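> Dropping a prediction and its sequence here:
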Amino acid sequence: MDVFETIHGHRSIRRYRPDPVGEELLEELLEAGVRASSSGNMQTFSVIVSEDEVMRERLYGAHMEQWMVREAPVVLTFCADFRRMRKWLRINNAPDNFDDFFAFLVAAIDAILVSQNVALAAEARGLGICYMGSTLANADQVGEILELPAGVFPVVGFVLGWPAEDPGPRDRLPLAGLVHREIYRDHTDDEIREIYRKRDQAGWDRYMSIPRLRELVEEHDVDNLAQLYTVVKYTREGHARYTRTILDYLATQGFLSS
């Protein structure tokens, strides 16, 4: 597929056929991944490939029991990884300056860039993917299951396989609301309303088509998409819990030393 066709054809796939991806194709996708840009060409990432059914069953709980973790034949976890480089520094008698939060951000960006390369390559070959925010939200659980040592932190992950559904593309905000020329231009309230006008309706319609979310919406008496996001889906209490988990695990993994 043409690269623009692949990009514009992206959909999150949540239902998968049981057919395996195949080792040769998987290697091709991973090779495309490692060609992503890398800060200083340090390549401070690692990719964990989980195909074993028992392992995916263990990850199922850490990923908030999203059915696709069981159903898709592959789960990929992209990790910020300074452990390999720090070992290389040690055996070459070089100082280790990579045990802080800035180092984590550098490695996290590397991992995210690699993940998107793999995702695009997969979709170009007709495969489906679905990113999972639970990789970061439950980083400590994912890290324990994958036996990640100090210096390694799971940043982002997605399931991978052959689609068993054909959903339409999701809506996106208009370019005028996302792109700023030369400097940031703060939008007026009226401009914000226009930027979100189509999103308000499309997003609301989609969530109301999901019985579980519709029940929560009715239970919490919310009546628009903005309220749905912050009252039902992404609560302050939930964010506080995830923030604490991430900061504690960053410290455990040696990324908050200074």
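In hand now; what should we look at?

> Give me the most central residue, this structure.
residue 156 (3.8 Å; CA atoms, centre = their mean).

> which parts of the helix or strand hosting that residue are buried?
Per DSSP states H and E: residue 156 is located in strand 152-161. Under the neighbour-count criterion of 16 or more other CB atoms under 10 Å, strand 152-161 has 152, 153, 154, 155, 156, 157, 158, 159, 160, 161 buried. Using the backbone N, CA and C atoms, a C-beta is placed for each residue, glycine as well.

> which stretches of the stretch 101-250 of the chain form helices?
Remark: helices assigned in the stretch 101-250 of the chain by DSSP state H, counting those that start in this stretch are 101-124, 134-137, 139-145, 175-178, 189-195, 197-208, 211-220, 225-227, 236-252.

> So which bits of the shortest one are buried?
Put plainly, it is helix 225-227. For helix 225-227, using 16+ other CB under 10 Å, the buried residues are residue 225.

> starting at the chain centroid, how far to it?
With CA atoms, centre = their mean, to the nearest Å as the basis, helix 225-227 stands 22 Å off its chain's centre.

> I figured residue 199 hits residue 225, correct?
Yes. In terms of CB atoms under 8 Å, residue 199 counts as a neighbour of residue 225; the distance is 7.1 Å.

> Now for residue 225: which residues touch it?
196, 199, 200, 203, 204, 207 (CB atoms under 8 Å, 6 or more residues apart in numbering).

> ignore the last one, residue 20
51, 73.

> ok but it is inside a strand, no?
No. Using DSSP: H, G, I helix; E, B strand; the rest coil, the assignment for residue 20 is coil, not a strand.

> Quick check: it vs residue 164, distance?
Computed as CB to CB, to the nearest Å, the residue 20 to residue 164 distance reads 14 Å.

> With residue 6 instead?
Per CB to CB, residue 6 is found 20 Å from residue 164.

> pLDDT below threshold where in the stretch 1-150 of the chain?
Within the stretch 1-150 of the chain, the segments meeting pLDDT under 70 span 1.

> the strands in it, which residues?
Using DSSP state E, counting those that start in this stretch, the strands of the stretch 1-150 of the chain run over 45-50, 74-81, 128-132.

> Name the stretch among the ones you listed that sits most buried.
Comparing those by mean neighbour count (mean count of other CB atoms under 10 Å), strand 74-81 ranks first with a mean of 25.

> Show me what it is packed up against.
For strand 74-81, the packing partners by 3 or more CB pairs under 8 Å, 6 or more residues apart in numbering; DSSP states H and E come out as strand 45-50, helix 53-62, helix 101-124, strand 152-161.

> which of the residues in the third one are buried?
By neighbour count with 16+ other CB under 10 Å, helix 101-124 contains the buried residues 103-104, 106-115, 117-124.

> for that helix, packing partners?
Checking 3+ CB pairs under 8 Å, 6+ apart, helix 101-124 ends up next to helix 3-8, helix 23-33, strand 45-50, strand 74-81, strand 128-132, strand 152-161.

> residues making contact with the fourth one?
Okay, so that is strand 74-81. Contact with strand 74-81 is made by 21, 26, 44-51, 55-56, 59, 63, 69, 104, 107-108, 110-112, 114-115, 118, 135, 142, 146, 148, 151-161, 255, as judged by CB under 8 Å, 6+ apart.
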